[in-house]
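> make a model of this:
(one chain, ligands or ions: 1)
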Amino acid sequence: MKKIFLIIIWSSVAHQIVKAQTPSFPTSSNADLIKAMTLYEKARIIMGLGMDVPAFGPDKMPPDTAKPYNPVDGAAGTTYAIARLKIPAIVLADGPAGLRINPTRANEKNTYYCTAFPIGTLLASSWNPTVVKNVGNAIGNEVAFYGANVLLAPAINIHRNPLGGRNFEYYSEDPVVSGKIGAAYIMGVQKNNVGTSIKHFAANNHEANRMNIDVQMTQRTLREIYLRGFEIVVKEAKPWTLMSSYNKINGTYTSQSNDLITTILQKEWGYKGLVMTDWFAGDNGAAQMAAGNHMIMPGTKKQLDDIINAVNNGTLKIESLNENVDRVLNLIRQSQKIATLKTIRNKTQNAAVSRMAATEGMILLKNENSSLPLNKPATKIALYGNMSYRTVIGGTGSGDVNKEYSVSIADGFVKAGYQVNNDIIKAYNNHLIESDKNIKPPAMWFMPKELPQEMDIAIATLQNEAATNDVAILTIGRTSGEFEDRALSNFYLSDKEKTLVKNISDAYHAKGKKLIVLLNIGGIIEMASWQAAADAILVTWQPGQEAGHAIADIVSGKVNPSGKLATTIPVDYNDLSTANGFPGTPAAMPTSITYNEGVYVGYRYFEKATKPVVYEFGFGKSYTNFNISNIKLTNSIFKNQIGVSVTVTNTGKVAGKEVVQLYLGAPSANTDFSKPVKELKAFMKTTLLAPQQSQVIQFTISKRDLCSFNEAQSAWVADAGKYEVLIGSSSKNIAQKAAFTLPQTMVVEKVNNVLAPINNINTLKL
Ligand code: BGC
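Here you go, the predicted structure:
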């Protein structure tokens with residue numbers, strides 16, 4: 001009887017039906033509402049409410065913002081309600097690795113935990129838009145369930161340099177991967193009648209002095225690399241909102257740049273949604289309004305005054321303000337759809353989506369003599385490395401998630417049936433307790449906490465452990481987060497880590513046993529100096545709350561790895577085209593940074609400069625092998641488009657998925673116009689192919705895929721000549737080639753001559 005009672009209580013909690021945020025909007029038209037508003041109300045509704053940040057308020061905030069009421073505690077902000085006109089507020093909350101709200105509330109027993117999903121870099125490494133869409137859908141379910149209306153995600157800035165503090169939230173060094181993965185995420189979230197905010201538009205590629213830095217680059221660099229992903233997302237997925245970034249581009253804050261926000265985004269790309277600022281971005285509210293940045297978040301008293309004064313003195317047209325108010329009203333109206341929903345939080349299902357997605361984006365970089373999978377039941381594992389026991393599941397700052405639980409690698413292995421050596425577990429528990437005593441709290445609670453140093457383990461101890469265990473697994477971990485870039489020391493292994501790798505490798509190899517290294521990282525690290533010591537290397541990334549389970553799924557072979565690098569791993573930091581001058585000048589507090597490398601970022605650079613890398617863009621191994629064959633083009637002369645097909649066959653012994661990557665090598669009409677050797681234009685992951693099973697993969701190459709951005713003509717231009725179609729399983733491993741010809745140069749799209757750099761930029765000549 002008691003049991004039945006408990007089950008009834010449990011199920012009523014698990015299937016608790018809440019009425020999500022239900023803003024009910026007046027029936028009057030936007031035009032009528034705008035007509036009825038005072039100037040103050042107009043200037044006020046285009047600003048939101050949100051964090052009480054001492055540097056900005058409350059005295060510096062509009063008077064009615066001092067004690068913001070947010071129905072979803074811990075959400076980043078709300079819009080401004082006007083009770084007189086019955087205009088409700090809606091709630092905006094972070095992402096991207098899940099919904100970030102406070103898990104508990106004062107004087108309440110209910111909890112408000114959210115599922116922590118894998119970081120952006122892992123999602124992109126899946127190269128699987130279907131899986132990413134499922135993740136988006138699961139996150140959207142929680143956004144709606146908890147009554148938020150817009151998720152402030154995804155974040156698709158480019159991995160320009162590995163030290164970028166928020167790279168973990170971002171996807172790739174390549175804009176096509178970023179765009180396609182971002183679009184999939186948005187389509188998933190927005191299925192739930194809640195919105196997204198694609199961010200940070202644009203060129204917010206590092207954290208140092210992020211609110212003021214001036215990012216300088218050529219128009220071509222901007223269009224081809226830093227805007228391209230946003231363009232794909234805006235055109236394919238129609239995000240409800242877009243967040244402009246903190247930084248300036250070529251001298252103007254992005255939120256104050258009419259060229260960026262109105263000319264490019266809204267006129268050229270046809271964006272119809274709402275543009276909001278990042279929190280406290282920019283320095284002039286009137287300029288933000290004039291630029292077409294519809295909403296200022298959360299807004300300051302100065303910005304409010306700027307706007308009212310500018311309208312009163314005629315420097316800001318009331319029509320511009322009205323247009324922005326109109327977009328805000330549209331967003332609030334659009335958010336009402338949620339009012340018709342009764343939402344259930346699919347907690348168990350969402351955790352399963354998180355686990356599945358985590359396995360999909362882990363990358364097997366090395367697997368000598370099939371060291372993995374460990375499919376013998378009850379394998380005895382000697383598990384080393386602090387992060388085996390305190391697995392990092394995500395980054396910090398606004399991209400953090402308040403989850404109910406997380407599964408460490410050790411726990412995941414035990415659950416999977418492995419025998420994890422108990423003495424080693426105990427030694428690490430003690431070491432971590434001791435280390436905690438010396439760790440200083442971060443400067444601000446939302447900044448990354450320093451990770452404990454690795455333990456010194458005597459060689460004799462390792463030798464004994466090598467005798468009694470079947471295999472050594474060492475986890476190397478990193479954390480990073482918003483507000484600061486990673487230090488160079490975070491990119492390289494520490495001395496203690498290097499010693500650990502070497503000593504474990506020597507001790508286990510002496511006994512004929514293997515060392516497997518797990519990289520529990522948010523951004524890439526140096527590998528050339530130590531990777532030979534490991535028999536297998538799996539990049540687990542920061543995989544969300546199901547970390548240990550997902551890693552065990554791959555290690556055991558329950559899931560065959562199919563992730564691929566969406567960012568190149570260089571031999572050394574100094575090999576990068578962006579190493580010099582990162583994060584800007586002057587180094588202590590950079591006020592500007594120049595992207596001298598032009599379009600040559602990531603693989604575009606390494607290939608053109610013929611510099612070796614450790615693992616190339618697009619690389620990742622599987623427990624099986626694939627063969628890509630039978631390339632066919634629908635035509636050898638390009639007219640409007642060309643279809644390409646290849647056949648992928650699983651030639652190995654276990655089922656698996658392959659990522660088929662299509663690169664294009666374009667001709668150059670002019671020797672001064674340097675183009676990358678090849679560029680990714682499309683990709684597709686196969687279904688799970690059984691041994692000997694084949695799948696035909698089809699792509700379409702469009703006019704725009706042929707183009708580079710020609711500054712002299714302010715146009716996307718496809719040069720006449722021979723185009724090489726290169727299809728493979730990584731940027732280096734090209735299995736099939738074909739070619740087609742474009743008989744005459746085509747101006748595919750003429751655009752506006754905007755955002756030229758103020759100073760002449762001498763881009764790298766390659
Ligand atoms: C971050 C944004 C975030 C916002 C609200 C800012 O500091 O840059 O990504 O959405 O805060 O939390």
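
> any idea of the mean pLDDT in the strand or helix carrying residue 464?
Element membership for residue 464, per DSSP states H and E: helix 459-468. The pLDDT scores in helix 459-468 average 98.

> just checking, what packs against that helix?
strand 380-384, helix 495-510 (3 or more CB pairs under 8 Å, 6 or more residues apart in numbering; DSSP states H and E). Where C-beta positions appear, they are placed from N, C-alpha and C, glycine not excepted.

> looking at the ones you listed, which is buried most?
With neighbours defined as mean count of other CB atoms under 10 Å, those peak in mean count at strand 380-384, which reaches a mean of 23.

> and the angle from that one to helix 495-510?
Interaxial angle of strand 380-384 relative to helix 495-510 (axes from the mean of the first three to the mean of the last three CA atoms, to 10 degrees): 160 degrees.

> what residue ranges in the stretch 351-500 of the chain score low on pLDDT?
Within the stretch 351-500 of the chain, not a single segment meets pLDDT under 70.

> for it, just list every one of the strands.
Using DSSP state E, counting those that start in this stretch, the strands found in the stretch 351-500 of the chain span residues 363-367, 380-384, 419-420, 471-477.

> all the strands of the stretch 1-150 of the chain, residue numbers only.
Counting by DSSP E, counting those that start in this stretch, the stretch 1-150 of the chain has strands at residues 18-19, 49-50, 77-78, 91-94, 150-152.

> is the ligand contacted by the last one?
Yes - with CB under 6 Å from any ligand atom as the criterion, the ligand is reached by strand 150-152 at residue 152.

> so after that strand, what's the next helix or strand?
helix 175-190.

> output the contacting helices and strands for that next one.
Secondary structure elements in contact with helix 175-190, counted by 3+ CB pairs under 8 Å, 6+ apart, are helix 120-125, helix 129-145, strand 195-201, helix 228-237, strand 679-685.

> list the neighbouring strands of the helix or strand just after the third one plus their orientation.
What it means is strand 195-201. Beyond strand 195-201 on the C-terminal side, the first helix or strand identified by DSSP H and E is strand 214-216. The strands beside strand 214-216 in its sheet (DSSP bridges) come out as strand 248-249 (parallel), strand 592-594 (parallel).

> next, the buried residues of the very next helix or strand once past strand 214-216.
Sequence order places helix 219-221 as the next helix or strand after strand 214-216, per DSSP H and E. For helix 219-221, the neighbour count (16 or more other CB atoms under 10 Å) marks 219-221 as buried.

> rounded mean pLDDT for helix 219-221, please.
Averaging pLDDT residue by residue across helix 219-221 gives 98.

> which neighbouring elements make contact with that helix?
strand 708-710.

> dump the strands of the stretch 351-500 of the chain to TSV, plus distance to the ligand.
Listed next are the strands of the stretch 351-500 of the chain as TSV, based on distance: least, CB to the nearest ligand atom, whole Å:
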stretch	distance to the ligand
strand 363-367	26
strand 380-384	35
strand 419-420	38
strand 471-477	24
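
> can you list the residues of this structure near the ligand?
76, 94, 152, 199, 278-279, 398.

> can you lay out these as CSV showing neighbour count?
Shown next, in CSV, are these (neighbours: other CB atoms under 10 Å):
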residue, neighbour count
76, 25
94, 27
152, 30
199, 29
278, 23
279, 22
398, 23
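
> report the contact partners of residue 766.
600, 605, 608-609, 674 (CB atoms under 8 Å, 6 or more residues apart in numbering).

> switch the cut-off to 10 Å
Contact analysis of residue 766 by CB atoms under 10 Å, 6 or more residues apart in numbering lists 577, 597-600, 604-605, 607-610, 674-677.

> alright, calling it a day.
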